[in-house]
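J.: With the input below, show me the fold.
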Amino acid sequence: MRETDNLSLRAKALIREAIVSGRFAFGERLSDRALADELQISRTPVREALARLAQDDLVVVRPQSGTFVMSLDAADVRRICEMRAVLELGALRIAAARDPDVLVAAVSVPLSGGALAVEDEDLARAEAMDGAFHEALIAAADNALLTRAYRGIADQVGALRHRLPRELARMRAAVEQHRRIIDLAVTGRLSEAETQLSTHVRIVERLATEFLFQDAKTTGRSRRRSHPAERT
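T.: Numbers count the residues shown, from 1 in each chain. Here you go, the predicted model:
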């Protein structure tokens, strides 16, 4: 592999993480020069990295304007969460029907880790365990096609999750709901488990939509105050 390819892959991973983690805001313009300076590499691998991220729908290249972090509207959030629900519900059904013990083993670490993180009031760790639980649920289905499909929305789901306000009560409720989903699934109450999981995803959709648009409205008001309309 060419050295440029190695640098491009490294740059892609670092920029992807910055987008998903919320370091770069939705819609933010990305400068290949600034990124190259920050990563201490040339602009060529950075441009290649941005092109690859555009293929993953994490950035948008606008001719004559530049490269921007993806922007999501309410419809985008809904579609992402709908797809997430389809895939996670499918994984839960497959895993619970195949071997409940394997399902329990797959999610045991993120379940316990999430509970301990909440107990320690470590919200960053709790957030990480939240994502790990859902990834483990997908992995428990042991279905390569399903895993590949989930990977296609995983970054968008992560970006939404990282942009929610970190609140101890919300994290605690999520951990409790995770455990409830698994308890119901492995004791033969799959329909109730599916209802819990569907509710869980809808809560994230509602919170993400409310928080993102509240932020947008606040930004809009700030801009209007900064640039008052001229009197005519």
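J.: On the three-state scheme, Ala25 is what?
T.: coil (DSSP: H, G, I helix; E, B strand; the rest coil).
J.: That one contacts Ser71, correct?
T.: No: using Cβ atoms under 8 Å, Ala25 makes no contact with Ser71, being 9.4 Å away. For glycine as for every other residue, the C-beta is placed from the backbone atoms N, C-alpha and C.
J.: Run through the strands of the chain in chain order.
T.: Applying DSSP state E to the chain gives strands spanning 29-30, 59-62, 66-69.
J.: quick one, domains of the protein?
T.: Per the record, the chain has its domains at 3-69, 74-216, by automatic domain parsing.
J.: still on that earlier bit, Throw the strands of the chain into a markdown table and include mean neighbour count, thanks.
T.: Formatted as a markdown table, the strands of the chain follow (neighbours: other Cβ atoms under 10 Å):
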| stretch | mean neighbour count |
| --- | --- |
| strand 29-30 | 16 |
| strand 59-62 | 15 |
| strand 66-69 | 17 |
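J.: want to throw the ones you listed into TSV with mean pLDDT and distance to Arg84?
T.: Listed next are the strands of the chain as TSV, based on pLDDT from 0 to 100; distance: least, Cβ to Cβ, whole Å:
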stretch	mean pLDDT	distance to Arg84
strand 29-30	96	26
strand 59-62	94	21
strand 66-69	96	20
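J.: can you tell which of the ones you listed is closest to Ala115?
T.: strand 66-69 (33.3 Å; Cβ to Cβ).
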